[in-house]
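Novice: Sequence first, then the predicted structure:
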Amino acid sequence: GENVEQHPSTLSVQEGDSAVIKCTYSDSASNYFPWYKQELGKRPQLIIDIRSNVGEKKDQRIAVTLNKTAKHFSLHITETQPEDSAVYFCAASISGGSNYKLTFGKGTLLTVNP
Amino acid sequence: DAGITQSPRYKITETGRQVTLMCHQTWSHSYMFWYRQDLGHGLRLIYYSAAADITDKGEVPDGYVVSRSKTENFPLTLESATRSQTSVYFCASSDWGRPYEQYFGPGTRLTVT
């Protein structure tokens, strides 16, 4: 089955700096890569996703890049703010057919220091 | 977010007891999922369902049972709770047209003593 590795497990940045979280996946058939944000004590929420036919996607201060050849994808947060502090999870899935399961990475705890 | 709810939010039970965690969604989403979240393990899929009466095992199904007699409900039962099942349990759902965009419930914190 799919295996998703996520690094780093913890990341501390100063407010205004950029943060980058990286994930690798094992199954070359995976073609859908979402990112979830989980604030302390809250539920995970989808913040951005990317499909394999796209190399980069942006949404305001958040961007995700995908390198299918290397089987890795990354989350980039620019101009970080204290409210960006949370655990971020990457995931991978094979979109299409009857396979709709997500395999999650183990998460990255991002702390933005004011 | 009020569209998917879980109950109870907190539960303490003893080893060997049966406990059922409830999940209810009002969106008529086809797909529903159960995850457990443990420190250092992220989110691990227990069971999932594509529609009423269709369920399948995920990554860590041992010790759990699910049913889905109605589209909106997806209860998770621990038949004989063990301490290793102490965890935070999240239910999620997604729409037929966008099955990979999952919406999570608020979670149930279960402690097995």
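Specialist: Thanks, I have the structure now. Not measured: the values here are computed from a predicted model.
Novice: I'd say residue B:28 and residue B:71 touch.
Specialist: Yes: Residue B:28 is in contact with residue B:71 according to Cβ atoms under 8 Å; the separation is 6.2 Å. Placement of C-beta: from N, CA and C, glycine included.
Novice: give me every residue that touches residue A:47.
Specialist: For residue A:47, the contacting residues are A:35-37, A:59, A:62, by Cβ atoms under 8 Å, 6 or more residues apart in numbering or on different chains.
Novice: What are the buried residues along stretch A:56-73?
Specialist: Using 16 or more other Cβ atoms under 10 Å in any protein chain shown as the test for burial, stretch A:56-73 gives A:62-66, A:72-73.
Novice: Is there proximity between it and chain B?
Specialist: No: Stretch A:56-73 does not reach chain B (Cβ under 8 Å from any Cβ of the partner chain); its nearest approach is 14.1 Å.
Novice: Please write out the alpha-carbon positions of that stretch in CSV.
Specialist: Only the C-alpha atoms of stretch A:56-73 are listed here, as CSV (Å, rounded to 0.1, in the frame of the first residue of the first chain):
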residue,chain,number,x,y,z
GLU,A,56,2.1,24.1,-8.4
LYS,A,57,-1.0,25.6,-6.9
LYS,A,58,-1.3,28.8,-4.9
ASP,A,59,-4.0,30.1,-2.6
GLN,A,60,-3.0,33.5,-1.0
ARG,A,61,-0.1,32.8,1.3
ILE,A,62,-0.2,29.0,0.8
ALA,A,63,1.3,27.1,-2.1
VAL,A,64,1.8,23.4,-2.9
THR,A,65,4.4,22.0,-5.3
LEU,A,66,4.5,18.5,-6.7
ASN,A,67,7.4,16.6,-8.3
LYS,A,68,6.0,13.4,-9.7
THR,A,69,9.3,12.1,-10.9
ALA,A,70,10.8,12.3,-7.5
LYS,A,71,7.5,11.4,-5.8
HIS,A,72,7.5,14.3,-3.4
PHE,A,73,5.3,17.3,-2.7
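Novice: Much appreciated, bye for now.
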